[in-house]
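Participant: let's see this in three dimensions:
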Amino acid sequence: MRSVVIACALVAACGSDGPAPDAPGPTPITHIVIVVKENHTFDNYFGSFPGADGISQIMTPGGMITPPHVPDMPRDLCHTHECALQDYAGDWSNVAGASMNGDNLAYGQYREADIPNYWQYARTFTLGDRFFANVLGPSYPGHMFTVAAQAGWAVGNPPIVVSAPYWGCDQAPGSTLQVQNQTTCQVDNVFPCFKIPSIPDILPLNVNWKFYGTNFVFFNEIWSMFDGIDGIRNGDRWNQIVNASTFDADVDNNTLPRLSWLVDQDFGDEHPGYSRVCDGENWTVGHLNHLMNSPLWAHTAILFTWDDFGGWYDHVQPPRKYGCDPSAPYGLGFRVPLLVISPYARPGFIFHEQAEQASIATFVEKVFGATQTLHDLDPAAQDAQANDLFGAFDFTQTPLPPLPLTPRTCP
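Facilitator: A predicted model of the protein is given here:
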């Protein structure tokens, strides 16, 4: 069966021209796991994936180039809102750090040999090639959208203080974050602790949740984007923010909550400049192997994506502007990869429908039967209009078997 799936992906994504069958009422999904990594575009990771909308030649101010091979990440690239707007205007080459000594790093691509297990997930399950970040900008708003379908109109990151490297309500008084004022279109500086709703606020009472995060090796507190949401950080639900080291045990003991986030902010987060992609891939594979080897696999959907574009090139122009300033839009941002891994993911399939980070909330709401959207609670939330990702699934198909993979020996 798997060889047929792989062959389909190599040729042209079997069934990719037709819509998925409608879900027959309630879906068979009882558990959703949301995995978020750092700073890569679709072209950067899957630009040469067969059948996907990638790119093999790029026009630069210096002429046509072949995307350089990036076996690992020698440096971080500028991915602030300002740099993203410069890229959005087509000025990729002149962004600070995009090319040093003519290396054209911002245009670089990984190959299958660099992330073979991620490509194996893509060949076997579903790969989304029209999945966009919701913001032209960096990590804070990118992560916020995966838990709240909005980011309080944040356009940047809060300051990082070595003694307290946690973004949000735990930051020192006087810390500020830039947000786009939707009345004046100016940038305001606010304390990065938002009174906005998040996905846990719309879950039915029978849907429990946890955020499995990491603690920067030597700090005690778990890094979580929920730190930026006042109702979670300063309420009794903060005890549902736990260490990712407990994820495997919860899976093995069949105590995994129905909704979970699995987010690495240590050396496995794949962030350019300090994290090796191989280590990050191994971290992901190790945790997903536990899930695939458990009875939970039969009813689980894994949505695996990245927080922001990281400064890497992507050839697809963001298709929707929003925010109060059309000349310098808030979003959508550039494409980031989406892997949909589930017994009910359409096998060997390229999901071409336009979707976005807010689609994560939309999917959660529909699978668990939420009676309201985040947009109902706060019009800034983008979930009500977002694609629900159901087109990446076929809930009537014979369930796909698990795909446990072998972690690699990193160079």
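Participant: and for the closest residue to F368 other than its chain neighbours, the neighbour number?
Facilitator: Using CB to CB, 6 or more residues apart in numbering and skipping residues adjacent in sequence, the residue nearest F368 is V207, 4.9 Å away. Using the backbone N, CA and C atoms, a C-beta is placed for each residue, glycine as well. Around V207 there are 20 other residues, counting by other CB atoms under 10 Å.
Participant: D43 versus V207, what's the distance?
Facilitator: Separation of V207 from D43 (CB to CB, to the nearest Å): 35 Å.
Participant: what bridges to the residue nearest to T176 when sequence neighbours are not counted?
Facilitator: The shortest distance from T176 to any non-neighbouring residue, by CB to CB, 6+ apart, is to N189 (3.9 Å). Beta-bridge partners recorded for N189 (DSSP bridges): Q178.
Participant: residues touching N189, list them.
Facilitator: 176-179 (CB atoms under 8 Å, 6 or more residues apart in numbering).
Participant: and of the residues you listed, the nearest to F131?
Facilitator: V179 (24.5 Å; CB to CB).
Participant: tell me how many other residues crowd the closest residue to that closest one other than its chain neighbours.
Facilitator: Nearest non-adjacent residue to V179, counting by CB to CB, 6+ apart: W153, 4.6 Å away. The number of residues packed near W153 is 21, by other CB under 10 Å.
Participant: Q180 is in contact with W153, correct?
Facilitator: Yes: W153 is in contact with Q180 according to CB atoms under 8 Å; the separation is 4.6 Å.
Participant: what do the two both touch?
Facilitator: Common contact partners of W153 and Q180 (CB under 8 Å, 6+ apart): 323, 330.
Participant: pLDDT below threshold where in the stretch 1-150 of the chain?
Facilitator: Applying pLDDT under 70 to the stretch 1-150 of the chain flags the ranges 1-25.
Participant: now the helices: where do they sit in it?
Facilitator: Taking DSSP state H, counting those that start in this stretch, the helices of the stretch 1-150 of the chain run over residues 2-11, 42-46, 81-88, 116-124, 139-148.
Participant: deepest of those helices, which one?
Facilitator: With neighbours taken as mean count of other CB atoms under 10 Å, the helices of the stretch 1-150 of the chain reach their highest mean count in helix 42-46, at a mean of 29.
Participant: other residues contacting it?
Facilitator: The contact list for helix 42-46, computed with CB under 8 Å, 6+ apart, reads 52-55, 67, 70, 108-110, 115, 118-119, 122, 127, 129, 131, 310, 312-316, 335-337.
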